[in-house]
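A.B. asks: Pasted the sequence and its predicted model underneath.
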Amino acid sequence: MKLEELKKKQLECAKKVVARDEFNEIKTVGGMDLTFEDLKKTPTRAWASLVVLDLETLKPIYELVVEGEVSFPYVPTFLAFREMPLLLKLYEKAEVKPDAYFIDGQGTAHPRGCGIASHFGVETGEVTVGVAKTRLFGYAKEPPNERGAFTYLRYKGRVVGAAVRTKENAQPVFVSPGHRISLKSAIELVLKTSRYRVPEPTRLAHNLLQKVRRKALKGGRLF
DNA sequence: GCGACAG
DNA sequence: ATCTTGTCGC
């Protein structure tokens, strides 16, 4: 499919994004992540994970990993078309659905207003937050070096997200609403779930994948 | 035209 | 994202 057509899909998606609080109470938060057998190759084998945490204790209450084939390459601003199929497979198989999902990447902080976190939210109707380790789009001043500090990420005067300091002496993470949540609540939720730089749901989902990946690839790379 | 560019 | 030991700083 041509990128011009995919841009249209993103613009359609952007119209459906709800960047306001549209939920009752969040008691559990899930983190989702992906890892690939070979980043250079397309298609390639990949794994996706979901870890659901209790918001009060920040302890995991559910974990799931699925394996699949990823056939769309990584193209900046089109990440959703690469990762969404496996995320949806993961979502459908999950027997525990959290009240909100943290997705690795941007939500509304995207050139066409629909990064992967928003895309996944609109597609499933779930509450989603975009948490990225680096910036894709817009400009933010460096937030003060204290946990909890943040600055707005703007583009042409519009606030599209925030650079949030989740830990002192660590680079900020980039937070933006995915779907059915305001930027304010998204920031609060990220801070509430952060012990280290990367919030716990995302961090544990990532750690789980590292174990799975090592196990799956050992034998092929021993010599 | 050039640089920047989530994972 | 991934390949990787030691190393520097709090």
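C.D. replies: Received it, and whenever you're ready, just let me know what you need.
A.B. asks: Contacts for the helix or strand harbouring A:Phe102 next, please.
C.D. replies: Counting by DSSP states H and E, the element that carries A:Phe102 is strand A:100-104. Strand A:100-104 is contacted from outside by A:23, A:26, A:28-34, A:87, A:116-117, A:120-121, A:126-133, A:178, A:181, A:189-190, A:193, A:199, A:201-202, A:206, using C-beta atoms under 8 Å, 6 or more residues apart in numbering. C-beta here means a position set from N, CA and C on the backbone, and glycine is covered the same way.
A.B. asks: how about that strand as PDB, C-alpha atoms only?
C.D. replies: Extracted as PDB, the C-alpha positions of strand A:100-104 are listed here (Å, rounded to 0.1, in the frame of the first residue of the first chain):
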ATOM      1  CA  ALA A 100      -5.600   1.600  30.500                       C
ATOM      2  CA  TYR A 101      -2.700   0.600  28.200                       C
ATOM      3  CA  PHE A 102       0.800   2.100  27.900                       C
ATOM      4  CA  ILE A 103       2.000   1.800  24.300                       C
ATOM      5  CA  ASP A 104       5.700   2.300  23.300                       C
END
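A.B. asks: Could you list the paired strands of that strand along with their orientation?
C.D. replies: strand A:28-36 (parallel), strand A:128-132 (parallel) (DSSP bridges).
A.B. asks: Most tightly packed of those?
C.D. replies: strand A:128-132 (a mean of 29; mean count of other C-beta atoms under 10 Å).
A.B. asks: Residue ranges in chain A under the pLDDT threshold?
C.D. replies: Scanning chain A for pLDDT under 70 picks out A:219-223.
A.B. asks: Which stretches in it count as strands?
C.D. replies: In chain A, the strands defined using DSSP state E lie at A:28-36, A:44-54, A:60-70, A:100-104, A:128-132, A:150-155, A:158-164, A:173-179.
A.B. asks: Is the fifth one positioned near DNA strand C?
C.D. replies: Spelled out, that is strand A:128-132. No: figure legend: strand A:128-132 not in contact with DNA strand C (C-beta under 7 Å from any atom of the strand); closest approach 8.8 Å.
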